[in-house]
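Visitor: after the sequence you'll find the predicted model.
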Amino acid sequence: MNKHNVVICPACGSQRVSRSEYENSNQLTLGSKFSFKEVLYTCNTCGEEGDFFAETDKNYLAAQKAAQLNLIKKILEDLHSNGISMALIERVFELPPRTLTRWKNGDFSSSALSLLRIIFTYPWIIEVAENKFEKNISCSAILTAAAQEIKDQQINMVFYSKKSNSTSTTVVNDIHQPIKKPPTSL
Ligand SMILES: [Zn+2]
């Protein structure tokens, strides 16, 4: 909407309309917080209020898309630094070549983002996919991941219990606290 155009109240046709903007924000799943402008028009003649040109929606979608693109890039960087290339992901999930390059360049769908969130949270799914989702291999991957998780938690518990000795907190209390950092936002 061009701010220089005369705004006419959709309810009464008056031109005595004022415009205000508010900063709002939302949190992207696994990603960062993003902010956007909420727009509100108020008719000073009849009192009608609203976002007459649906500007808030546009602002929200643009800010969300930017945060999503950021998340995609960060997930791909994270995978790359763990030795998982875009070509490998394309191959094991049977995606057309250069699909991930398209995503990285901003041409992505909600399903693309969903797949990357799943891969990021459960990286062992790549090995499962590489083996055509074969049942025995997928079971073994889940059990291996679970065993590793338990081992990590035990290491954390030892770490916390050592810490608690010096701070006089009991180990029992520590067990009920988050003992492993949850997957953090990128
Ligand atoms: Zn009005």
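Guide: Okay, I see it. Not measured: the values here are computed from a predicted model.
Visitor: burial of the residue nearest to T99 when sequence neighbours are not counted, as a residue count?
Guide: Nearest residue to T99 in three dimensions, chain neighbours excluded: E90, at 5.5 Å (CB to CB, 6 or more residues apart in numbering). In this view, the C-beta of every residue, glycine as well, is placed from N, C-alpha and C. Close neighbours of E90, defined as other CB atoms under 10 Å, add up to 16.
Visitor: likewise for S35?
Guide: 12.
Visitor: repeat for L71
Guide: 21.
Visitor: that one: which element?
Guide: If you go by DSSP states H and E, L71 is part of helix 55-81.
Visitor: next, the buried residues of that helix.
Guide: 55-56, 59-60, 63, 67-69, 71-72, 74-76, 79 (16 or more other CB atoms under 10 Å).
Visitor: can stretch 32-51 be found next to the ion?
Guide: Yes - between stretch 32-51 and the ion, judged by CB under 5 Å from the ion, the touching residues are 43, 45-46, 48.
Visitor: which of these count as buried?
Guide: 43, 48.
Visitor: most widely separated two among the residues of stretch 32-51 next to the ion?
Guide: Spanning the widest gap among these are T45 and E48, at 8.4 Å by CB to CB.
Visitor: the helix or strand containing E90: what's the following helix or strand?
Guide: Using DSSP H and E, E90 sits in helix 86-92. Going down the chain from helix 86-92, the next helix or strand is helix 99-104, by DSSP H and E.
Visitor: since that was my last question, I'll sign off now.
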